[in-house]
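Asks: The sequence isn't on hand, but the structure is:
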């Protein structure tokens, strides 16, 4: 492949097509339907949700945990794998960053949707206590959004300049956007040096921040002495779970983008194979934490934990629990050990199952515990004792997914999805090593 | 044998349930009547007492918001409740049963009568039967009381003398000593009777906590024949160990307000935030440098 061909291939998606407009119109209409549900909640209060005195954290918080979890994949792909010199992540690195950015940005809004008085959000900062994990969480989510944005933007700078030079058929606003954002990029040594420096610093910085974002989210639960939450392994349990979720979302988007953007020459079967193996690895680690999280308390089975554990193992949440553990974790691990299942389509199906399992898992972490408080539930209306999300609540939650899809769609459409500069540089390096070998 | 045990079990259950159903008041207590006529003043006092002591279980009369306990706390506005005679109510309130506490030691007789006067508002057919008491003079008008503290013996000594030489017995009067604590009164020593000279003494514990200089508020109660106590003396003695209560909210702690956050936590939080922010600012500076090193005319 010539350099020009690569540039043409990777830039062909950036022009806003009819299909894109149709898709965005669909998303916008969906968003407005969901916003109407939020309008109802805002004017009537949280009474429109299924949240009551006992289960006061429901779909929203479960969804928040899921979003934060999904956003961790940016750190896993770009930093952990990138810094360890894995070359195969080049075409999917930006995709992972877009997913991270979209989920992290919307996670903050999801929290606001759980507030009965969202106009008091600033009180977290004005009156927030340093001792409260909620303040830590708000801080670290905000920081993570900023870093993800930078990690999305900075590697994009050379590509913007390439896009500006090579696509003359784009509308004026898009050309101007590229021009402003490319920061006078000409690709001289000094600029390349600075760019690499900035990326390297951010890749290192994002590791502790990403670990913090999900560890602190887990602490929102783990610092309360309640059965199912009061656990010392909640931090790593959440972080490893986050990698599973994130890898599954990357797999799904890899498959979709490969097909709609015609990227078969760039996102190849080997990439699916590799990320399939990565999913096995992170799932195994997560399974290990799951075994610890459930086997140890169920072995000692203290009285207050027993009620909670029985409801998960054999009680009202048993179906969901075993679905999550088996379909969302054990079966994917077994299947992915075999090469045919790491082909794109089977991997997509497995990715979707893991994704659904991961979402339900967050539901199981947040809700059942609250149905089993230490003080017995008594003298309350029947519907206080269990939690069923209402249609309004589900619509608002769907709205957050719509928003994530919108962000991903816009960022992946307006900007080149696969890093052009990096792809070219790597090819040059490969060629030079080959020629070196030849000459030797 | 088994059958017998079964029978006994059933019988005991039955007897328990009948016990739960009926509350037998002795005949002589049934006939007791209030020593005064119920008027709006008594009713008002009674309402205050009701809202403080009774409402949590019995609810607001007539609104059915009583606590769901077993046996069910009766709604004072109910017919079943109002069939009680004044004597029944007085007995039941003072003695208590199962979950209903005895108010003998918490309320004075007059308080209980005030309460009854209040709950009778909810019975339109109620006609009070009462016998004006012969204005029984209070204990302190009949006796003079001397309370002293003997430091060396750690004893509070009481001596009573009749104010009028003629009547009043001074022997065999039941007295109890209490120290005022945060929540209610702590009885000191046992209840004792005066000897023929009108003397009685109570031994104080050596480890009684007092205020910052060791002062303790000591109350002396005299019990009447029905067991109701009247406070006849209320004095403060330096009989306790000086105790300085440290307010837990004064220290820096995880659970305290923001201004009382642990120093290490403030440093850790602000340190982390500042570090990350400065790195981000540095990155922005690098971006500015990139822009500077390039040329605008691409």
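Replies: Yes, it's here. Keep in mind it's a predicted model, so treat the numbers as computed, not measured.
Asks: Output the set of residues of the stretch 251-400 of chain A in proximity to chain B.
Replies: Applying C-beta under 8 Å from any C-beta of the partner chain, one finds that the stretch 251-400 of chain A approaches chain B through residue A:379. Backbone N, C-alpha and C define where each C-beta goes, glycine included.
Asks: hey, where'd the helices end up in the stretch 251-400 of chain A?
Replies: For the stretch 251-400 of chain A, applying DSSP state H, counting those that start in this stretch gives helices covering A:269-300, A:303-313, A:318-322, A:331-336, A:344-370, A:391-414.
Asks: which strands and helices sit next to the shortest one?
Replies: Helix A:318-322 is packed against helix A:303-313, helix A:344-370, with contacts defined by 3 or more C-beta pairs under 8 Å, 6 or more residues apart in numbering or on different chains; DSSP states H and E.
Asks: Give me the residues contacting it.
Replies: By C-beta atoms under 8 Å, 6 or more residues apart in numbering or on different chains, the residues outside helix A:318-322 that reach it are A:311-313, A:360, A:363-364.
Asks: buried subset of the residues you listed?
Replies: Buried members of the contacts of helix A:318-322, counted by 16 or more other C-beta atoms under 10 Å in any protein chain shown: A:311-312, A:360, A:363-364.
Asks: what residue ranges in chain B are flagged as low confidence?
Replies: Where chain B drops to pLDDT under 70, the residues are B:1-21, B:132-137, B:165-168, B:225-227, B:297-298.
Asks: residue in it nearest to chain A?
Replies: Here chain B gets closest to chain A at one residue, residue B:294, 3.0 Å apart by C-beta to the nearest C-beta.
Asks: Distance-wise, check that residue relative to residue A:199.
Replies: For residue B:294, the distance to residue A:199 (C-beta to C-beta, to the nearest Å) stands at 17 Å.
Asks: now do residue B:193
Replies: Per C-beta to C-beta, residue B:193 is found 92 Å from residue A:199.
Asks: Now residue B:201: which helix or strand?
Replies: Assigned by DSSP states H and E, residue B:201 belongs to strand B:199-203.
Asks: what comes up buried for that strand?
Replies: In strand B:199-203, counting by 16+ other C-beta under 10 Å, buried: B:200-202.
Asks: And the helices of the stretch 251-400 of chain A, which one averages the lowest pLDDT?
Replies: Within the helices of the stretch 251-400 of chain A, confidence is poorest for helix A:303-313, with a mean of 91 (mean pLDDT).
Asks: So what's the gap between the longest helix seen in chain B and the chain middle?
Replies: Identified as the longest helix of chain B according to DSSP state H is helix B:263-293. From the chain centre to the centre of helix B:263-293 is a distance of 58 Å (C-alpha atoms, centre = their mean, to the nearest Å).
Asks: Spatially central, which residue of chain A would that be?
Replies: Centroid-nearest residue in chain A, with C-alpha atoms, centre = their mean: residue A:70, separated by 2.1 Å.
Asks: From chain B, how far off is residue A:51?
Replies: The gap separating residue A:51 from chain B is 25 Å, by C-beta to the nearest C-beta, to the nearest Å.
Asks: Can you check which of the helices and strands packed on helix A:318-322 gets nearest to residue B:157?
Replies: Closest to residue B:157 of the helices and strands packed on helix A:318-322 is helix A:303-313 (C-beta to C-beta; 53.5 Å).
Asks: Excluding chain neighbours, what is closest to residue A:158?
Replies: Spatial nearest neighbour of residue A:158, chain neighbours left out: residue A:421 (3.7 Å); criterion: C-beta to C-beta, 6 or more residues apart in numbering or on different chains.
Asks: before we move on, which element is the one you found in?
Replies: Here residue A:421, judged by DSSP H and E, is contained in helix A:420-439.
Asks: ok so, going back, neighbour count for residue B:193 and residue A:199, which is higher?
Replies: Taking neighbours as other C-beta atoms under 10 Å in any protein chain shown, residue B:193 and residue A:199 compare with residue A:199 leading, 19 against 11.
Asks: show me where pLDDT drops low in chain A?
Replies: The model of chain A has pLDDT under 70 over residues A:437-440.
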